[in-house]
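Peer 1: fold the following.
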Amino acid sequence: MQREFLQNLGLSDEQVQAVLTQYGKSTNEIKGKLAQAEEQATALQRQIGDRDKQLKKLEKTAGDNQELAQEIDKLRKENEQQSKDFQVKIAEQEKNFAIDNALLDMDKVSVGEDG
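Peer 2: Numbers count the residues shown, from 1 in each chain. Just a heads-up that it's a prediction; the model follows:
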């Protein structure tokens, strides 16, 4: 609001000063609220940015966890297969050992005249 505008309306200098003083108080209050709102908006924008960064980090971590879980599952399956293969080998070795022992015992066995 301009002083000249108020003077052209026919207000005295004291009235113009009173109106401008009141207007200044109102605008200062509004400016203060606006500045406070802008600070809050900036803080909220920062929080949103921080949340976005955290979400990206969590997505990356979750992706890593899925990859890790898949890798663990793969290793678990490989270990199970290796365990089965090992059990088969042990069974074959036991069989071969039993056969070898039987053959050694067969060397001790003699065949009589009647077969």
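Peer 1: is residue 15 in contact with residue 3, as I believe?
Peer 2: No: look at residue 15 against residue 3 with CB atoms under 8 Å: they stay out of range, at 11.0 Å. All C-beta atoms are positioned from the backbone trio N, CA, C, and that covers glycine.
Peer 1: so what secondary structure elements neighbour the host helix or strand of residue 40?
Peer 2: Element membership for residue 40 (DSSP states H and E) is helix 13-108. Using 3 or more CB pairs under 8 Å, 6 or more residues apart in numbering; DSSP states H and E, the elements in contact with helix 13-108 are helix 3-8.
Peer 1: and the helix it packs on, how far out from the chain middle?
Peer 2: Relative to its chain's centre, helix 3-8 lies at 63 Å (CA atoms, centre = their mean, to the nearest Å).
Peer 1: mind listing what's buried along it?
Peer 2: residue 6 (16 or more other CB atoms under 10 Å).
Peer 1: for it, name the packing helices and strands.
Peer 2: Packing partners of helix 3-8 (3+ CB pairs under 8 Å, 6+ apart): helix 13-108.
Peer 1: which intervals of the protein have sub-threshold pLDDT?
Peer 2: Low-confidence regions of the chain, defined here as pLDDT under 70, cover residues 62-64, 100-112, 115.
Peer 1: give me the residue at the spatial middle of this structure.
Peer 2: Geometric centre of the chain, nearest residue: residue 58, 1.3 Å, by CA atoms, centre = their mean.
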